[in-house]
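In: The sequence and its predicted three-dimensional model are supplied below.
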Amino acid sequence: MDQYQTLSLLHIALIQNALYTIGIFFLLWVTFRFASQVRGNQGTVLSKVLVTLFGLLVFWQGLIVFANRIFSIGVATKSLNAIKASGQALSVHAEAFLSLPFVPAGGELRFSLTGDSGSVIWWLLVTIMLVAVVWMPVKKPA
């Protein structure tokens, strides 16, 4: 595989990832709409449990989508480094891609949900926010 094919496949993977991310954010919006409906005394315990479980599944899918983005970038990096190691000259675009700060330096490829610490922190904060919206008591106006 040459560098053009590698970068083309990376761009296809990133477009696919962007579409999945849009879907995840829509489901996240739906989750918080559900949470606002069952907040406080307005929802039964069963409805609160179901909304929480639905939200946790959305967050799980979000972690998978975010981890897939990092994995796709790692695969492209490894492929471009292999092309470079074989003696072929890389284009300016490929060299620029390899010099980006978020591109991994190398090593073993493995799919990891916790590979991007910023994404993990973001999803943890969103999870805490959902649980707080659903389960925290509502203060009654004085």
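Out: Ah, there it is. Numbering: from 1, shown residues only.

In: switch to C-alpha atoms for all contacts and neighbour counts from now on
Out: Noted.

In: how close does the closest residue to residue 66 other than its chain neighbours get to residue 59?
Out: With sequence-adjacent residues excluded and distances taken as Cα to Cα, 6 or more residues apart in numbering, residue 66 is closest to residue 119, at 6.9 Å. Separation of residue 119 from residue 59 (Cα to Cα, to the nearest Å) stands at 11 Å.

In: again with residue 138
Out: Taking Cα to Cα, one finds residue 138 at 24 Å from residue 59.

In: the more surrounded of these two?
Out: When neighbours are counted by other Cα atoms under 10 Å, residue 59 comes out ahead of the other of residue 138 and residue 59, with 22 against 11.

In: Now for that one: which residues touch it?
Out: Residues in contact with residue 59 (Cα atoms under 8 Å, 6 or more residues apart in numbering) are 28, 123, 127.

In: in the chain, what secondary structure element scores lowest on mean pLDDT?
Out: One helix or strand of the chain scores below all others by mean pLDDT, DSSP states H and E: helix 92-98, with a mean of 89.

In: Following the chain past that one, name the next helix or strand.
Out: Sequence-wise, the next helix or strand beyond helix 92-98 is helix 117-135, with elements assigned using DSSP states H and E.

In: Check what contacts stretch 77-91 and list those residues.
Out: When contacts are defined by Cα under 8 Å, 6+ apart, stretch 77-91 is touched by residues 2, 3, 6, 94, 98, 103, 104, 105, 106.

In: Please list all residues in contact with the first one.
Out: Yep, that's residue 2 we're talking about. Applying Cα under 8 Å, 6+ apart, we find residue 2 in contact with residue 83.
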